[in-house]
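Student: Could you work out the structure for the sequence below:
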Amino acid sequence: MPTKIAILGTGGFGVALSVMCRRSGQDVTLWGKFPEEIAEIRRYGEHKRLLPGVPVSPEITLTSDLSDIREAELVILAVPSFAVRETARAAAPFLSPKAVVANVGKGLEKGTKKRLSEVISEEIPDRPIVVLSGPSHAEEIARGVPTTIVAASKNRESAEWVQQTLTNPTLRLYVNDDVVGVELGGALKNIIAVCAGICDGLQLGDNTRAALITRGLAEIARLGVSMKADSATFSGLTGVGDLIVTCTSMHSRNHRAGILIGQGVPPEEAISRIGMTVEGCIAARTAWELAKEQGVSMPITEQLCLVLEGKSPRSALHDLMGRPNRHENERVWLQGQE
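Tutor: Model (predicted):
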């Protein structure tokens, strides 16, 4: 029997998941907040702006009415970080008591500095949350490009059920119980991706990009371990895997925004030109605040915050390269002593 899956959010990833799940035989409902967007997808049979050329099957139920998710066995939130709390709160009254809730958004809640699963748990209490994360561009998932991601939860049974439900010939899932590490890897890699884009916009070389990605991973792990994540998680799909794909691909909106900034476009204008949420620019300030609270060093994140406030990218690069000499030894930086 097909599983009844409700996907909340008509961004690129929500639409891509809907297409993939329907292609693998599941009973799919796609909810969007804006009726006019739902009507446009229904009219054209695709999301013309975000996923042009990707057919949205007429067998997918398209709706802007949350009461249509009442029978869903799996409810997946696929909205930007700033909309997670609002969406979870709105959906809560319509969830089946047995429904499993999952989230594919990557980010941190501005103000509270909470991980998104924490936000969802506050609005939908007393049920396990499964985090889906890993190197996964919407454009490729929608087209059936082989992809591997992670299902992370404190409740192993729920994570394994989601793994079993979503696995298909083009999507392979691994289970992980390190929810903190998986979520932080997904949120913080966007920061480094913006910086990688800035390097490309400045027309720097492969050496620079490799250094940035590697040292970016170091500070992601440093903050993660200080918050009780498992250091091994950052060597996996949701750490180095997601970091590589986001820092090197033009599918990445964070990378594209960084390129514009590196080319001299003011940050606010660069974000506006992208036309979608640039999570790395939202997460940077929150991550820097967390780093200061935890007493760990995140120099790349710090410099991005300053660039977003008006500092020139070349000046930020100069300051990073001119920092005092340090050890690279992992035992040192994982202890927050870069």
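
Student: going forward, measure contacts between C-alpha atoms and count neighbours the same way
Tutor: OK.

Student: Next, the distance between the ends of stretch 254-269.
Tutor: Terminal residues of stretch 254-269 are spaced 14 Å apart (CA to CA, to the nearest Å).

Student: Surely Ile271 is in contact with Val278?
Tutor: Yes: counting by CA atoms under 8 Å, Ile271 does reach Val278; the two are 6.5 Å apart.

Student: which residues does the nearest residue to Val194 once chain neighbours are set aside contact?
Tutor: Excluding the flanking residues, the one nearest Val194 by CA to CA, 6 or more residues apart in numbering is Gly258, at 4.3 Å. Counting by CA atoms under 8 Å, 6 or more residues apart in numbering, Gly258 touches Ala193, Val194, Cys195, Ala196, Gly197, Ile198, Cys199, Asp200, Gly201, Ala270.

Student: So which residues of the stretch 201-338 of the chain form helices?
Tutor: Secondary structure of the stretch 201-338 of the chain by DSSP state H, counting those that start in this stretch: the helices cover 206-226, 242-248, 253-262, 267-274, 279-294, 299-308, 313-321, 330-333.

Student: Could you say which of these is packed most deeply?
Tutor: Mean neighbour count (mean count of other CA atoms under 10 Å) peaks for helix 253-262 among the helices of the stretch 201-338 of the chain, with a mean of 28.

Student: What angle do helix 279-294 and that one make with each other?
Tutor: Interaxial angle, helix 253-262 versus helix 279-294 (axes from the mean of the first three to the mean of the last three CA atoms, to 10 degrees): 90 degrees.

Student: Please shift the residue numbers so they start at 35 in all later answers.
Tutor: Happy to do that; since the first residue is 35 now, the last one works out to helix 287-296.

Student: pLDDT averaged over helix 287-296 - what is it?
Tutor: Averaged across helix 287-296, pLDDT comes to 97.

Student: what angle sits between that helix and helix 301-308?
Tutor: Using the same axes, to 10 degrees: helix 287-296 against helix 301-308 is 130 degrees.

Student: quick one: Glu105 and Pro300, what's the gap?
Tutor: Counting by CA to CA - Glu105 and Pro300 are separated by 46 Å.

Student: mind checking which helix or strand the closest residue to Ile103 other than its chain neighbours is in?
Tutor: Nearest non-adjacent residue to Ile103, counting by CA to CA, 6+ apart: Ala40, 6.0 Å away. Under the criterion of DSSP states H and E, Ala40 resides in strand 38-42.

Student: That'll do, ta.
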